[in-house]
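[1] Fold the following for me, if possible:
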Amino acid sequence: MNERASWLNRTVLGASLTSFLSDFSHETVTVMLPSFLAILGAPAYALGLIEGVSDGLSSFAKLFSGYYSDKLGKRKELAVLGYLATGMFPAFVALSSTWPMVLFSRAFAWIGRGIRGPPKDAILSSSVEEKDLGKAFGFHRTADTLGAIMGPLLGYVLLSYFDIRQIFFFAVIPGMFAAIVFWFSVKDSKVAPSNNKKGIVLSLTELPDRFRSFLYAVFFFGAADFSHTLLIFFAVAQLTPSLGFVAASATSVLLFGIRNVAYALMCYPFGVLGDKFGKKKILVVGYALAVVTFVGFIVCPIDPILYGVLFALSGAFIAAEDTLEGAVAGELVEKERRALGYGALATVNGVGDFISSLVVGVLWSIFGFGAGFMFSAIVGLIGTLMLLRTNHVE
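    Numbering: from 1, shown residues only. Predicted structure coming up:
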């Protein structure tokens, strides 16, 4: 059967199953990382530093991986290497006895996560006709998100029977299977090495001016949008006095699961709205929803149900961000340089994530949770206004 005869082909199915297994693995660890750091006696700023450094390194890895996978014509090999690095992450964390060891483990795994992204997307896009790209990537994103939902649910269930380190070791299994599935099920359409002799920096300066203006807005919003793993830390800290540490940890894992469910449910609707009313306009709505959510965390009383609403809103605005930032970028950058454009977008997001996670973590440690959320609300509003003013052809 011709690989390109149907959009739901071997490569789409294999890449989707791979993403499901990989997210199942590392999200199981991610939702319990704040509680594990508390057990290690880590300071409050540690989680922000871990998330920020990891996201920043991952984004730079995406930029270089996208550039060199095209240049060398090595896509499948780079993607598998990245999946192997991410698959070992739970074991490295389980063996950690200090929070700097957790930082090293997470950074190593997220570099792998960055390496695998661009070549995987290139393989996926080459396996279907252009008219079917939306369906193929939509199916893949759904599988990816289902893994992110199942991971927290598994963690929530297993907390009643095993300690955290044991759960981390269990999470290695689906992570390693992800690399195996990708290698044996995904068919890579071989591409010749690129003849582009320009370096990354020169190539970046040649991207369209309107795209660079868009990146400035994305950066400012990213500097407000801290890693949502920090929300688990927030919930654990706020709920422990009334529920106790174990119950608060379990409830926080469940809240993060609600966030992921909301994300999964809202990705497609935001995409439809973007196609109908303008992608940038709906992205502005998503950014504004984030600002409202940050303010909500400031004024919300300590209540698991109300926290559930805010966690759901957090998933919703991230759905708008993930769905529409890439779509807007695709309209602003010509096809010949689109992979580099996506790499630049990922890098800008990563730098913003590093700044926001680190600053919010420090503000929480020194001034309390309200100061961190206020910083995010103010900077996020600036990013929203900048996006609103960018030139864009709808």
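[2] Report the mean per-residue pLDDT for whichever helix or strand Phe177 is part of.
    For Phe177, the element it lies in under DSSP states H and E is helix 164-185. Confidence over helix 164-185, taken as the mean pLDDT, stands at 93.
[3] ok, and for that helix, which residues are buried?
    Along helix 164-185, these residues count as buried under the neighbour rule (16 or more other CB atoms under 10 Å): 164, 167-168, 170-172, 174-179, 181-183. C-beta: built from backbone N, CA, C; applies to glycine.
[4] any idea which of those residues is closest to Val333?
    Here the nearest of the buried residues of helix 164-185 to Val333, counting by CB to CB, is Phe182; it sits at 27.2 Å.
[5] Can you check the pLDDT for the residue lying closest to Ser96 once chain neighbours are set aside?
    Excluding its sequence neighbours, the residue lying closest to Ser96 (CB to CB, 6 or more residues apart in numbering) is Val102, at 4.7 Å. For Val102, the pLDDT comes out at 93.
[6] Please renumber the chain so that the first residue is 24 from this point on.
    Fine by me, first position is 24 from now on; the one you just mentioned is Val125.
[7] show me the contacts for Val125.
    Leu56, Phe59, Leu60, Leu63, Ala65, Ala69, Ile73, Val116, Ser119 (CB atoms under 8 Å, 6 or more residues apart in numbering).
[8] Can you tell me the element it falls in?
    Taking DSSP H and E as the criterion, Val125 maps to helix 122-149.
[9] downstream neighbour of that helix in the secondary structure list?
    Next helix or strand after helix 122-149 toward the C-terminus (DSSP H and E): helix 156-181.
[10] what separates that next one from the chain centre, distance-wise?
    12 Å (CA atoms, centre = their mean, to the nearest Å).
[11] and the helix holding Val125 with helix 156-181, angle?
    Relative orientation of helix 122-149 versus helix 156-181 (axes from the mean of the first three to the mean of the last three CA atoms, to 10 degrees): 150 degrees.
[12] So which bits of helix 122-149 are buried?
    122, 125-149.
[13] For stretch 310-318, buried residues please.
    Tyr310, Ala311, Leu312, Ala313, Val314, Thr316, Phe317, Val318.
[14] Using CSV, write out every CA atom in it.
    What follows is stretch 310-318, C-alpha atoms only, in CSV (Å, rounded to 0.1, in the frame of the first residue of the first chain):
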residue,chain,number,x,y,z
TYR,A,310,-3.7,35.6,25.6
ALA,A,311,-6.4,37.8,27.3
LEU,A,312,-7.9,34.6,28.9
ALA,A,313,-4.5,33.9,30.4
VAL,A,314,-4.4,37.4,32.0
VAL,A,315,-7.8,36.8,33.5
THR,A,316,-6.7,33.4,34.8
PHE,A,317,-3.6,34.8,36.5
VAL,A,318,-5.8,37.5,38.2
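[15] and that stretch, average pLDDT?
    Across stretch 310-318, pLDDT averages out at 96.
[16] Tell me which residues are up against stretch 34-46.
    Under the criterion CB under 8 Å, 6+ apart, residues 26, 106, 109-110, 143, 146-147, 150-151, 159, 162-163, 165-171, 173-174, 197-198, 200-202, 204-205, 207-210 lie in contact with stretch 34-46.
[17] buried subset of the contacts of Val125?
    By 16+ other CB under 10 Å, the contacts of Val125 give Leu56, Phe59, Leu60, Ala65, Ala69, Ile73, Val116, Ser119 as buried.
[18] I'd guessed Tyr310 sits against Gly403; true?
    Yes: with contact defined as CB atoms under 8 Å, Tyr310 counts as touching Gly403 (6.7 Å).
[19] joint contacts of these two?
    Taking CB under 8 Å, 6+ apart as the contact rule, Tyr310 and Gly403 both touch Phe244.
[20] What residues of stretch 329-342 count as buried?
    So for stretch 329-342, counting by 16+ other CB under 10 Å, buried means Tyr330, Gly331, Leu333, Phe334, Ala335, Leu336, Ser337, Gly338, Ala339, Phe340, Ile341, Ala342.
[21] Could you do stretch 290-304 as well?
    Cys290, Phe293, Gly294, Leu296, Gly297, Lys302, Lys303, Lys304.
[22] Could you name the helices and strands sitting against the helix or strand hosting the first one?
    Secondary structure from DSSP H and E places Cys290 in helix 268-300. Of the remaining helices and strands, those touching helix 268-300 by 3 or more CB pairs under 8 Å, 6 or more residues apart in numbering; DSSP states H and E are helix 56-62, helix 156-181, helix 252-266, helix 302-322, helix 327-355.
[23] Flag whichever of the ones you listed has the least confidence on average.
    helix 156-181 (a mean of 76).
[24] and that helix with helix 327-355, angle?
    Going by the same axes, to 10 degrees, helix 156-181 makes 160 degrees with helix 327-355.
[25] quick one: Ala271 and Phe257 touch, right?
    No: the criterion here is CB under 8 Å, and Ala271 misses it with Phe257 at 10.9 Å.
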